[in-house]
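> Show me the folded form of this:
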Amino acid sequence: MTPNEAFIIKFYTAFANSDFKTMAECYHPKIHFIDPAFGLLKEEQVSKMWEMLLIRSKGNIKIEFFDVKADEFTGSAKWVAAYNFSKTNRNVTNRVSAEFVFQDGLIIKHTDNFDVWKWSKQAFGPTGYLLGWTGFFHKKIQEQALLSLKKFQESK
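Purely as a prediction, here's the structure:
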């Protein structure tokens with residue numbers, strides 16, 4: 001096992017344990033995070049996103065991870081999150097592929113990819129099934145996610 005593979009395992013073990021503080025410690029101060037729900041987040045926004053998601057889950061999230069690979073500079077993993085989507089209280093199982101770039105022994109770039117249509121069908125039911133594949137719906141998801149994060153950061 002490479003040091004960065006161990007580091008990715010540390011990150012996802014913390015995630016599985018709802019330990020957002022340890023997750024934040026894994027990130028470089030200049031972290032860039034990208035995913036379909038939030039788009040691009042930078043620096044403190046990234047740690048606050050995980051904190052918000054874990055606090056709002058109230059312990060009702062199950063994280064599994066596997067296929068961890070890493071060398072000196074890059075890494076990847078696959079992970080699955082099972083939870084209730086807070087806005088609709090619908091059960092969601094999200095399958096995610098993650099890619100990492102390391103600098104100074106920390107994660108400086110983290111990219112999560114998942115099928116937004118599959119996610120939106122679970123999270124929004126018929127509406128997600130009908131509209132979840134559209135750019136309009138993706139934009140609305142990002143707008144709502146970013147607004148939620150902004151409100152969370154302002155409340156801290």
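> contacts and neighbour counts: CA atoms only from here.
OK.
> Could you check the pLDDT of residue 118?
Per-residue pLDDT puts residue 118 at 93.
> Contacts only, for it.
Residue 118 is in contact with residue 132, counting by C-alpha atoms under 8 Å, 6 or more residues apart in numbering.
> can you tell me how far it sits from residue 41?
As for residue 118, its distance to residue 41 is 23 Å (criterion: C-alpha to C-alpha, to the nearest Å).
> What lies in contact with the longest helix seen in the chain?
Criterion DSSP state H: the longest helix present in the chain is helix 135-155. Residues outside helix 135-155 that contact it (C-alpha under 8 Å, 6+ apart) are 36, 37, 38, 39, 45, 48, 49, 52, 116, 131, 132.
> Out of those, which comes closest to residue 76?
The shortest approach to residue 76 among those belongs to residue 36, at 17.1 Å (C-alpha to C-alpha).
> In the one helix or strand in the chain whose mean pLDDT sits lowest, which residues are buried?
One helix or strand of the chain scores below all others by mean pLDDT, DSSP states H and E: helix 126-131, with a mean of 82. Using 16 or more other C-alpha atoms under 10 Å as the test for burial, helix 126-131 gives 128, 129, 131.
> can you dump the C-alpha coordinates of that helix into PDB?
In PDB, the C-alpha atoms belonging to helix 126-131 read as follows (Å, rounded to 0.1, in the frame of the first residue of the first chain):
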ATOM      1  CA  PRO A 126     -40.900  11.300 -10.900                       C
ATOM      2  CA  THR A 127     -39.700  14.900 -11.300                       C
ATOM      3  CA  GLY A 128     -36.100  13.700 -11.300                       C
ATOM      4  CA  TYR A 129     -37.000  10.900 -13.800                       C
ATOM      5  CA  LEU A 130     -38.500  13.400 -16.200                       C
ATOM      6  CA  LEU A 131     -36.000  16.400 -15.800                       C
END
